[in-house]
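# A structural model of the following input is requested.
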Amino acid sequence: MPVEPPPSPWVFPDPRDASDDLVGVGADLAPGTLLAAYRRGIFPMPEHGRRPPMHWFSPVERGIVPLDGLVVSRSLRRSCRDFEIRVDTAFDEVVAGCGDPTRDAGWITGDVAAAYGELHRLGWAHSVEAWRDGELAGGLYGLAIGGLFAGESMFHRVRDASKVALVGLVELLRADGGAGRLLDVQWVTPHLATLGAIAVPRPTYLGLLVEALRLPPPPVWAAESA
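Numbers count the residues shown, from 1 in each chain. Okay, the predicted model is just below:
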């Protein structure tokens with residue numbers, strides 16, 4: 001099972017009391033702090049992309065991908081046959097790909113990468129990877145807590161590779177039915193909207209989160225910790 005780190009000394013506000021997406025500023029990126037935040041429906045992002053202090057968000061309109069609502073076009077379905085899906089074989093490389101400083105609106109600093117790397121080594125953070133011809137072509141990473149998968153970022157080096165990784169993630173979350181599991185994508189971007197992401201009001205998301213956190217992890221994460 002994932003290793004529970006020491007509890008955070010920081011106390012996060014109730015997101016329901018916030019008037020906009022930003023709910024707090026400061027704190028740290030220790031494992032216990034990050035887990036406490038995600039369990040309350042809050043996630044971190046540096047101010048203006050790459051500078052401290054850390055800002056903490058719980059969007060008024062939260063992006064999720066319903067596990068039965070993923071949109072897989074005919075061309076994407078064909079692309080899925082060209083890649084191999086792997087889990088947690090190149091976590092640090094996936095984070096580095098997501099954090100490439102040449103990408104527009106990059107926000108993954110060295111501190112952020114190190115923090116999620118520590119969560120990975122504790123068994124909480126995971127990567128889903130699309131491989132082709134023995135090389136990492138794209139992927140995504142995020143946190144898995146019970147029935148929640150909180151997606152953080154995705155990248156591709158080969159066309160459609162990040163989309164294929166998302167398809168793979170949804171299949172993993174649905175492996176034993178997936179009832180009650182929650183795939184959080186923070187905000188709905190135009191790209192994610194084409195794949196079936198929708199926005200739900202913050203109270204709705206927080207209700208779904210409570211239910212998801214009560215569930216056991218999907219088989220893929222349970223198998224890793226066995």
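# in this protein, where is pLDDT below threshold?
48-52, 103-106, 223-226 (pLDDT under 70).
# change it to 80
47-52, 101-107, 222-226 (pLDDT under 80).
# let me see the ranges of the strands in it.
Ranges of strands in the chain, per DSSP state E, are 22-25, 43-47, 51-57, 61-64, 84-87, 125-132, 135-145, 148-156, 182-186, 198-201.
# of those, which is nearest Ala96?
For Ala96, the closest of the strands of the chain is strand 148-156, at 9.0 Å, according to CB to CB. All C-beta atoms are positioned from the backbone trio N, CA, C, and that covers glycine.
# mind listing the strands that closest one pairs with, and their directions?
Applying DSSP bridges to the sheet, strand 148-156 is found paired with strand 135-145 (antiparallel), strand 182-186 (parallel).
# would you format these as a markdown table with distance to Leu209 included?
Shown next, in a markdown table, are those (distance: least, CB to CB, whole Å):
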| stretch | distance to Leu209 |
| --- | --- |
| strand 135-145 | 9 |
| strand 182-186 | 6 |
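# with mean neighbour count and distance to Pro9 as extra columns, can I get the ones you listed in a markdown table?
What follows is these, written out as a markdown table (neighbours: other CB atoms under 10 Å; distance: least, CB to CB, whole Å):
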| stretch | mean neighbour count | distance to Pro9 |
| --- | --- | --- |
| strand 135-145 | 23 | 20 |
| strand 182-186 | 23 | 25 |
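# about what we covered before: out of the strands of the chain, nearest to Glu4?
strand 135-145 (10.7 Å).
# give me the angle between the closest one and strand 43-47.
Calculated by axes from the mean of the first three to the mean of the last three CA atoms, to 10 degrees, strand 135-145 forms an angle of 120 degrees with strand 43-47.
# just want the most central residue of the chain.
Central residue of the chain (CA atoms, centre = their mean): Gly151, 1.3 Å from the mean position.
# who's the nearest residue to it once chain neighbours are set aside bridged to?
Nearest non-adjacent residue to Gly151, counting by CB to CB, 6 or more residues apart in numbering: Gly142, 4.1 Å away. For Gly142, the beta-bridge partners are His126, Gly151 (DSSP bridges).
# repeat that for Asp184.
Going by DSSP bridges, Asp184 is paired in beta bridges with Ile64, Ala150.
# who are the contact partners of it?
Arg62, Gly63, Ile64, Gly142, Leu148, Phe149, Ala150, Gly151, Tyr205, Leu209 (CB atoms under 8 Å, 6 or more residues apart in numbering).
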